[in-house]
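Enquirer: Okay, predicted coordinates and the sequence, questions at the end:
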Amino acid sequence: MEMDFTAAFSVGKFSDETFQHSEALGLGTKRPHMRKAVTRLLPSILLFLAVTFGASGVTTGAQEAPVASGTWAQAKAGDWVEYAMADGPGLRLEVVAVKEGQVTYRHIIPRAGGEPLVRVHTRKPEEIRPVFSAAPGAAITRREASIEIAGQSLNCEVSSWTAGGGNETSKGEVWTSAQVPCGGLVKQVTDGKDTMWLTGFGRDSAKPEKPEPELRPDHPPKLVTREYGDAIALDVPARIKKEMEDQAVAITRLRVYFSEGSTQDGASLEFEDMHTEVPVIFAAFLGERCDKVLAYGDYSARPGRYVDLAFQIKTLPAKLAGMKVKVEHSHVQGDTETVLTAFDVPVPDAGDPWNDMRLRGARPGVNRYRLVVSYTNAQKETTTYRGFSHWVIVQAPPMFEFTHTATATATARKAGGTTLLQADVRWDASFVLHHGLKAQDCSLRVVKRGKRDLRLDGLSPEVRRVIEKERPSAGWHEVGRGPLINPGIPGLERTVVEESFVTLSFRHVLSLTAKALPLDDAWEYRFELMHSGMSEPLAVWEASAKLKIAAENEIDRARLGVNGSRLPAPLDVPLSRR
């Protein structure tokens, strides 16, 4: 059947079930000769996501019973594993703590030429257990085998299956061992080639490093990060402002008490004919010698993202045996405050001054540092006093580790008595959200502007009316907006938000016949990251696509141009004939 005319601008066309799951993982392609490659790659990608993201909500499409159940239920602090990948940067998992049925672990992805990307998760074992599934309908066979990793012999269960058929057959294997912590994965094999394999592991053998305060060194070297957007300073929540005001009054009164106190033996208490003295502890930061607000340039130049603090602790009596001091570091996101770590502070001898301290690990946004003092008396009774706090505001861009890539295809193929022209562009953006921002408080807005000039004479009146009705006017027009976690915007094919890590995929599609030539098609898109507490966008990135064809005999010389914010390079894609 000859096609009279087809012209469409959409954001989800050309989709079919064959590519539904591969596109959801960022592997989508519409070229038929790539189907076998995608089929063979898919098992290793599914496995990587299972290990990397755990229970992140990514759907693989496989509905079979698990091939392996993992070893997270036996996790202990200090467990770790390291993996290498045939097509990836590698992966390290470290168990930080196991408490109240939940496992806290670090997920570390190394980056060449920069600091590794580190995320910390706290989840139940069944939520992070890697589940390795075969393709739907595949028959799974299991056998036992042994392998040597890092000088240790591992007894493994090997699960094998075959997916597809004919020229698209792919074979997969997963090796697991109860001797390996953090899930039990030993290696994964696709078509006889290792795609992910264990390089080292330890059980309760590498305790996490204990954070220690440091004396202030001289000028540190500057570090480089891939930030995006102008630095912002988050407002301090109202409850913290009130706490700061109340604390200032209390500190002033206690300092007066210590400077005017007549006794050096403690607070004297009398009731009727009874008399006793109790020790008194005063612990407060010296605000004039502490960091308060850090500009992003200063913050990013500090190794370990440190802050400088100074404090004093006074006691009555002047020398109080059995006293221990910690500085507790917590981070504020909206109304949520999370304790990150606690630093042990050496107690100086009586008469010696307290040292100024440098503490690593500050995060963008609002950081609280609280003095925690414990005292154990002669009867071995311990009392803990949570003292005064100091807040450090770190200005930072709204997004870190921003990456933006584009893929595009342009084809011309015979369809009956005419030539069908198709263009398909996809932009993928990923970033780490400012640690002071909650994804639940953010939204995404997409706007576009552009033109689509094409030949309308010779078309049926019905088709011309549809095209004229959809012809855009000048200026920016909203494509859609919605919560960052689930925007529901036309064209936004994939959105994954896991804690602070965000991945977005947007698609632009054009389809028409040569009878509509000449064509002049050019579009710009703006992606605006919004926050509920701000009227202006936190950050904006852009993308564009253009295609111009003067006549049918110019098709072979036409080029699809694609660009976008921070793309490694613009794309210049020729039309291929099929």
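Expert: Arrived safely, thanks for sending.
Enquirer: can you tell me how far residue 545 sits from residue 448?
Expert: To residue 448, residue 545 is 10 Å away according to C-beta to C-beta, to the nearest Å. For glycine as for every other residue, the C-beta is placed from the backbone atoms N, C-alpha and C.
Enquirer: Name the residues of stretch 397-414 that are buried.
Expert: 397-402, 404-412 (16 or more other C-beta atoms under 10 Å).
Enquirer: Keep only those of the residues you listed that are in helices.
Expert: Assigned to helices by DSSP state H, none of those qualify.
Enquirer: Could you single out the nearest of the residues you listed to residue 151?
Expert: residue 401 (35.2 Å; C-beta to C-beta).
Enquirer: Which ones among the buried residues of stretch 397-414 lie within strands?
Expert: Taking DSSP state E as the definition of strands, these contribute 399-402, 404-412.
Enquirer: Which of the residues you listed sits closest to residue 286?
Expert: residue 400 (31.5 Å).
Enquirer: Tell me what that closest one is bridged to.
Expert: residue 227, residue 432 (DSSP bridges).
Enquirer: That one contacts residue 430, doesn't it?
Expert: No: the criterion here is C-beta atoms under 8 Å, and residue 400 misses it with residue 430 at 10.7 Å.
Enquirer: Contacts only, for residue 156.
Expert: Listed by C-beta atoms under 8 Å, 6 or more residues apart in numbering, the contact set of residue 156 reads 144, 145, 146, 147, 175, 176, 177, 186.
Enquirer: That one and residue 173, how far apart?
Expert: Separation of residue 156 from residue 173 (C-beta to C-beta) stands at 10 Å.
Enquirer: can you give me the strands for the stretch 51-200 of the chain?
Expert: 80-85, 91-99, 102-109, 117-123, 141-149, 152-163, 170-176, 185-190, 193-202 (DSSP state E, counting those that start in this stretch).
Enquirer: So which of these is nearest residue 365?
Expert: Using C-beta to C-beta, the nearest of those to residue 365 is strand 117-123, at 15.8 Å.
Enquirer: contacts for the closest one?
Expert: 54-55, 96, 102-109, 111, 128, 401, 432, 498-501.
Enquirer: In ChimeraX, how would I select the buried members of the residues you listed?
Expert: Provided next is the ChimeraX selection string for whichever of the contacts of strand 117-123 are buried by 16+ other C-beta under 10 Å:
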select :54,55,96,103,104,105,106,107,108,128,401,432,498,500,501
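Enquirer: Show me where the stretch 251-400 of the chain dips below the pLDDT cut-off.
Expert: Within the stretch 251-400 of the chain, the ranges that satisfy pLDDT under 70 run 251-280, 318-319, 350-351.
Enquirer: one more time with 90, if that's ok
Expert: Applying pLDDT under 90 to the stretch 251-400 of the chain picks out residues 251-290, 292-305, 310-326, 331-338, 340-358, 360-361, 363-366, 371-389, 391, 393-400.
Enquirer: Could you pull out the helices in this protein for me?
Expert: Under DSSP H, the chain gives helices at 17-24, 35-53, 125-128, 238-260, 296-300, 461-470.
Enquirer: Burial check on the nearest residue to residue 142 once chain neighbours are set aside, number of neighbours?
Expert: Excluding the flanking residues, the one nearest residue 142 by C-beta to C-beta, 6 or more residues apart in numbering is residue 159, at 5.3 Å. For residue 159, the tally of surrounding residues (other C-beta atoms under 10 Å) stands at 20.
Enquirer: excluding its backbone neighbours, what's nearest residue 541?
Expert: Closest to residue 541 by C-beta to C-beta, 6+ apart is residue 565, at 4.0 Å.
Enquirer: List the contacts of the one you found.
Expert: By C-beta under 8 Å, 6+ apart, the residues touching residue 565 are 404, 541, 542, 543.
Enquirer: so the last one sits right up against residue 405, yeah?
Expert: Pointing back at residue 543 there. No: using C-beta under 8 Å, residue 543 is not in contact with residue 405; the gap is 10.7 Å.
Enquirer: Overlap of the contact sets of those two?
Expert: In contact with both residue 543 and residue 405: residue 427, using C-beta under 8 Å, 6+ apart.
Enquirer: Need the residues touching each of residue 545 and residue 448.
Expert: What both residue 545 and residue 448 touch, as defined by C-beta under 8 Å, 6+ apart, is the set residue 523.
Enquirer: Looking at these two, which is more packed in?
Expert: Neighbours per residue (other C-beta under 10 Å) separate residue 545 from residue 448, with residue 545 holding more: 26 against 18.
Enquirer: quick one: contacts for that one?
Expert: Each residue near residue 545 by C-beta under 8 Å, 6+ apart is listed here: 408, 423, 425, 508, 521, 522, 523, 560, 561, 562.
Enquirer: Buried ones among the residues you listed?
Expert: Counted by 16+ other C-beta under 10 Å, the contacts of residue 545 give 408, 423, 425, 508, 521, 523, 560, 561, 562 as buried.
Enquirer: confidence score at the residue nearest the centre of the chain?
Expert: Compute the mean C-alpha point of the chain, and by C-alpha atoms, centre = their mean the closest residue is residue 501, 1.9 Å away. At residue 501, the model reports a pLDDT of 86.
Enquirer: which ones are touching it?
Expert: 119, 430, 431, 432, 433.
Enquirer: 6 Å - rerun?
Expert: residue 432 (C-beta atoms under 6 Å, 6 or more residues apart in numbering).
Enquirer: before we move on, back to that, nearest to residue 363, of the ones in strands among the buried residues of stretch 397-414?
Expert: Using C-beta to C-beta, those come closest to residue 363 at residue 400, 10.9 Å.
Enquirer: For stretch 362-371, which residues meet the burial criterion?
Expert: So, applying 16+ other C-beta under 10 Å, buried residues of stretch 362-371: 362, 363, 364, 365, 366, 367, 368, 369, 370, 371.
Enquirer: Report whether the expected contact of the fourth one with residue 436 is present.
Expert: Yes: distance between residue 365 and residue 436: 1.9 Å, which falls inside the contact criterion (C-beta atoms under 6 Å).
Enquirer: follow-up on the earlier one: would you check which pair of the buried residues of stretch 362-371 lies furthest apart?
Expert: 364 and 371 (23.3 Å).
Enquirer: Quick check: residue 481 vs residue 492, distance?
Expert: Distance from residue 481 to residue 492, by C-beta to C-beta: 11 Å.
Enquirer: actually residue 160, not the one I typed
Expert: 38 Å.
Enquirer: Between the two, which is the more surrounded one?
Expert: residue 492 (21 against 18).
Enquirer: Which pLDDT does the model give that one?
Expert: 94.
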